[in-house]
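> pasting the sequence and the predicted model now:
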2 protein chains.
Amino acid sequence: MREQFQEELNSVSATLVQMAGLVKTAMENATTALLTADLALAERVIAEDSVVDEIQHELDARTINLIARQGPVASDLRTLVSSLRMSADLERMGDLAHHIAKSARMRYPATAVPPELSLTIEEMGRVCVQIISKMTNVIENKDIDKALELEDDDDAIDALHRKIIQTLLDPNWKHGIETAIDMTLLARYYERCADHAVSIARRVYFLVTGAYAKQ
Amino acid sequence: MREQFQEELNSVSATLVQMAGLVKTAMENATTALLTADLALAERVIAEDSVVDEIQHELDARTINLIARQGPVASDLRTLVSSLRMSADLERMGDLAHHIAKSARMRYPATAVPPELSLTIEEMGRVCVQIISKMTNVIENKDIDKALELEDDDDAIDALHRKIIQTLLDPNWKHGIETAIDMTLLARYYERCADHAVSIARRVYFLVTGAYAKQ
């Protein structure tokens, strides 16, 4: 009985890792679509977001069913409740990749990102994907050191965010208000995605250590 | 036993209603602070956000404890899991009011919102607070008709959001990029707050009827 329950707990964790993998791919592809005006890739990210949503629904139903059948207490219950929260974070991260892909689609055949910001957005996408990778490692291997590293990686995203806003406010900015609005929202999507990843890492940290990571 | 459990379920719902009341006040005050450059009021919203966070922590601990002690199944378990999700939505709505208040504080002693957008932002705040009121009613009285109405109210927020973006893109816009960035983010905060309220109403709708409201 206990062995079967442990298997079911492992399978919940495996599904979270699967969701994280899909979100990582979505964020990589959304960034590429954005920077290269790749409409087909943007459409793929938009279409595949529903896969993440479906996995979340199935996982949450399975998790609630497990709580109902096994009546877990203490750390097992906390693990399952955290799983519900992490799946919600992952679902939202998928939405944010979806928003980025929609921004690419909206400006097609033009490239949504002007040349001055291309490298910064590329870097923001790269750091965000790296954060998602590390977060996946934290979920999969309960790697607490990586969970702490994510706090610093998140500072890197915040610094890139500030850099984008500074570029928009530069008197030499020549791409007008519409592009500034797009860039403001894009920067926010990446930042929020990283926030959710850090939040997931903190939940794992708490489950493993019983203490809060620095905030 | 069953009676005590029912009382505890009611008390969970009462705490959600309490959180909703605090979020409503925060959103009202944040909008007033924003439109009237009221620094003291902005500071109050910023400081009081931690009250919502603390209530959420206490409520979630109580909810998890209730699941552990009572081992609820079927609709009781779904109600408690939904409560965890609703408290997360409410906490996030509090954060968004906090962001709006910070925007007011950042521009003080100037008013963050330029005259052309003052009425639209006021309307956005008003509709958002009305949505939060209706959502509170949905939580408190399981009022399914109000839950459905919220879908239309959310359309009103989206229309106001579009109106703000149109104003920013008007060739006569004379407040520059920085104010456009502020307005883009403010409009998004109100929109996301309303989204969370609608999401809460949909959860209640589903708990009561077993069916999904139109999305």
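Now that the structure is in, tell me what you want to look at.

> phi first, then psi, for whichever residue of chain A sits closest to chain B.
With C-beta to the nearest C-beta as the measure, A:Gly71 is the residue of chain A nearest to chain B, at 3.8 Å. Every C-beta, even on glycine, is put in place using the N, C-alpha and C of the backbone. The phi/psi pair for A:Gly71 (degrees, to the nearest 10) reads phi 50, psi 50.

> A:Asp60 now?
Main-chain torsions, A:Asp60, degrees, to the nearest 10: phi -60, psi -40.

> that one contacts A:Met86, doesn't it?
No: counting by C-beta atoms under 8 Å, A:Asp60 stays clear of A:Met86, with 10.6 Å between them.

> what residues does the residue nearest in space to the middle of chain A make contact with?
Taking C-alpha atoms, centre = their mean, the centroid of chain A lies closest to A:Met93, which sits 3.8 Å from it. For A:Met93, the contacting residues are A:Val23, A:Met27, A:Ile132, A:Cys193, A:His196, A:Ala197, by C-beta atoms under 8 Å, 6 or more residues apart in numbering or on different chains.

> what is the neighbour count of the fourth one?
What it means is A:Cys193. As a burial measure, A:Cys193 scores 30 neighbours (other C-beta atoms under 10 Å in any protein chain shown).

> right, and it touches A:Ala97 too?
Yes: counting by C-beta under 8 Å, A:Cys193 touches A:Ala97, with 7.2 Å between them.

> show me where chain A dips below the pLDDT cut-off.
A:1, A:214-215 (pLDDT under 70).

> can you list the residues of chain A near chain B?
With C-beta under 8 Å from any C-beta of the partner chain as the criterion, chain A meets chain B at residues A:64, A:67-68, A:71-74, A:77-78, A:81, A:84-85, A:88, A:165, A:168-169, A:173, A:177-178, A:180-181, A:184-185, A:188.

> of those, which belong to helices?
Applying DSSP state H to the residues of chain A next to chain B, the entries found in helices are A:64, A:67-68, A:74, A:77-78, A:81, A:84-85, A:88, A:165, A:168-169, A:177-178, A:180-181, A:184-185, A:188.

> filter these down to the buried ones, PyMOL style.
Buried subset of those, written as a PyMOL selection, criterion 16 or more other C-beta atoms under 10 Å in any protein chain shown:
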select buried, chain A and resi 64+67+68+77+78+81+84+85+88+165+168+177+180+181+184+185+188
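
> neighbour count: A:Asp60 and A:Met86, which is higher?
Per other C-beta under 10 Å, whichever of A:Asp60 and A:Met86 has more neighbours is A:Met86, with 25 against 18.

> surely that one meets A:Ile200?
Yes: using C-beta under 8 Å, A:Met86 makes contact with A:Ile200 at a distance of 5.0 Å.

> overlap in contacts, those two.
Contacts common to A:Met86 and A:Ile200, judged by C-beta under 8 Å, 6+ apart, are A:Ile139.

> number of residues surrounding the nearest residue to A:Phe5 once chain neighbours are set aside?
Leaving aside its sequence neighbours, A:Phe5 sits nearest to A:Gln70 (C-beta to C-beta, 6 or more residues apart in numbering or on different chains; 5.4 Å). Around A:Gln70 there are 18 other residues, counting by other C-beta under 10 Å.

> list the residues that contact A:Gln56.
A:Met19, A:Ser87, A:Ala88, A:Leu90, A:Glu91.

> A:Gln4 is in what secondary structure piece?
helix A:2-36 (DSSP states H and E).

> cool, and A:Ala97?
Element membership of A:Ala97, judged by DSSP H and E, is helix A:74-107.

> can you count the residues close to A:Thr15?
When counting by other C-beta under 10 Å, one arrives at 19 neighbours for A:Thr15.

> quick one: it and A:Glu54 touch, right?
No: in this structure, A:Thr15 is not within contact of A:Glu54 by C-beta under 8 Å, at 11.5 Å.

> burial of the nearest residue to A:Ile67 once chain neighbours are set aside, as a residue count?
Among residues not flanking A:Ile67 along the chain, A:Leu80 sits closest, at 5.5 Å (C-beta to C-beta, 6+ apart). A:Leu80 has 22 neighbours, counted by other C-beta under 10 Å.

> correct me if wrong: A:Leu80 contacts A:Leu16.
No: between A:Leu80 and A:Leu16 there is no contact under C-beta under 8 Å: 11.4 Å.

> ok, A:Glu54 to B:Met93 distance?
27 Å (C-beta to C-beta, to the nearest Å).

> pretty sure A:Ser199 is touching A:Asp89, no?
Yes: A:Ser199 lies in contact with A:Asp89 (C-beta under 8 Å); the separation is 5.7 Å.

> between these two, who's got more neighbours?
Comparing A:Ser199 with A:Asp89 by other C-beta under 10 Å, the one with more neighbours is A:Asp89, at 23 against 17.

> surely that one touches A:Val198?
No: taking contacts as C-beta under 8 Å, A:Asp89 lies outside contact range of A:Val198: 9.6 Å.

> could you give the number of residues near A:Pro72?
The local packing of A:Pro72 (other C-beta under 10 Å) involves 19 other residues.

> thought it was touching A:Leu80?
Yes: between A:Pro72 and A:Leu80 there is a contact at 6.3 Å, judged by C-beta under 8 Å.

> which neighbours do those two share?
Contact with both A:Pro72 and A:Leu80 is made by residues A:Leu66, according to C-beta under 8 Å, 6+ apart.
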